[in-house]
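Student: fold the following and give me the result.
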Amino acid sequence: MLPGAGFAALCLAFFLAGCATRQAAPLTFEQEQARAAHEQCRREATEMNPEGRHFFRESFPWRAYYDMCMRRMGVAEQDIRKMR
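Tutor: Just a heads-up that it's a prediction; the model follows:
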């Protein structure tokens, strides 16, 4: 085998491995509930505080409403910070 052919085969193997579908662990019930709460609170916060499409997450009123909504839905504080 040629020296470059081994390298090419190795690159091809890595490329194909990168294209393979990855199996993610299914979400727990709590994770599903937190994700649903995130979507709902994000939608509500944007409706209540439509200050701008692109920078809404940095605005204090948006963050305050989002945090209040997530707490009301029972999401833990550390999860709120990760999702915001």
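Student: can you pull out the strands in the chain?
Tutor: Secondary structure of the chain, counting by DSSP state E: no strands present.
Student: do you have the helices of it handy? List them.
Tutor: All helices of the chain, identified by DSSP state H, fall at 3-19, 29-48, 60-72, 77-83.
Student: worst average pLDDT in the ones you listed?
Tutor: For the helices of the chain, the stretch scoring lowest in mean pLDDT is helix 3-19; its value is a mean of 67.
Student: tell me, how many residues neighbour residue 59?
Tutor: Here the count is done by other Cβ atoms under 10 Å, and residue 59 has 14 residues near it. Yep, even glycine has a C-beta here, placed from its N, CA and C like the rest.
Student: change the start of the numbering to 55 and stick with it
Tutor: I'll keep to 55 as the first residue from here, and by that count the last item is residue 113.
Student: does it touch residue 103 like I think?
Tutor: Yes: using Cβ atoms under 8 Å, residue 113 and residue 103 qualify as a contacting pair, with a distance of 6.3 Å.
Student: in CSV, list the helices of the chain along with mean neighbour count.
Tutor: Formatted as CSV, the helices of the chain follow (neighbours: other Cβ atoms under 10 Å):
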stretch, mean neighbour count
helix 57-73, 9
helix 83-102, 15
helix 114-126, 16
helix 131-137, 13
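Student: what's the burial count for residue 129?
Tutor: Neighbours of residue 129 under the rule other Cβ under 10 Å: 21.
Student: so what's it up against?
Tutor: Contacts of residue 129 were listed using Cβ atoms under 8 Å, 6 or more residues apart in numbering, and they are 87, 88, 91, 92, 137.
Student: so what's residue 91 closest to, chain neighbours aside?
Tutor: The shortest distance from residue 91 to any non-neighbouring residue, by Cβ to Cβ, 6 or more residues apart in numbering, is to residue 127 (3.8 Å).
Student: what is the burial count for the one you found?
Tutor: Other residues lying near residue 127 total 15 when counted by other Cβ under 10 Å.
Student: assess the claim that it and residue 94 are in contact.
Tutor: Yes: here residue 127 lies in contact with residue 94, judged by Cβ under 8 Å, at a distance of 7.5 Å.
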